[in-house]
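[1] Provided below are the primary sequence and the corresponding predicted coordinates.
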Amino acid sequence: MDVRGEATIESVTATGATVDRNPELEFQLLVDLPGREPYRVAHRLVVSDRVRHRFGAGRAVPVSVDAAGTLAIG
């Protein structure tokens, strides 16, 4: 069962890779899940240029973490 929470984007860096002309970004996140201590993690994601502005440093994004510890934004 996935645990839903929130992450604060601490920094964003373009990796230089692209998929269909959309950049892959590496996020440094501070993840806050219910009942757990906040923790930092790096996460890579391909983001459309049309919504890239929504993923700036300081912004909060919804996340989910599965039983294996895999994080997903959204």
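    Done, it's in.

[2] ok, and the helix or strand in the chain with the lowest average confidence?
    strand 71-73 (a mean of 89; mean pLDDT, DSSP states H and E).

[3] Would you indicate which residues of it are buried?
    With burial defined by 16 or more other C-beta atoms under 10 Å, the residues of strand 71-73 counted as buried are Leu71. Any C-beta I mention is one placed from the backbone N, CA and C, and that applies to glycine too.

[4] from here on, count from 22
    Okay, residue one is now 22; in that scheme the one you just asked about reads as strand 92-94.

[5] Counting by contacts, list what that strand packs against.
    strand 43-53, strand 60-67, strand 81-86 (3 or more C-beta pairs under 8 Å, 6 or more residues apart in numbering; DSSP states H and E).

[6] most neighbours per residue, which of these?
    Comparing those by mean neighbour count (mean count of other C-beta atoms under 10 Å), strand 43-53 ranks first with a mean of 17.

[7] between it and strand 81-86, how many degrees?
    Calculated by axes from the mean of the first three to the mean of the last three C-alpha atoms, to 10 degrees, strand 43-53 forms an angle of 80 degrees with strand 81-86.

[8] bridging residues for Val40?
    Beta-bridge pairing of Val40 under DSSP bridges involves Asn43.

[9] thought it was touching Ser69?
    No: Val40 is beyond contact range of Ser69, at 9.9 Å (criterion: C-beta atoms under 8 Å).

[10] Can you name the residues in contact with the least confident helix or strand of the chain?
    23, 28, 48, 50, 52, 62, 64, 66, 82-87 (C-beta atoms under 8 Å, 6 or more residues apart in numbering).
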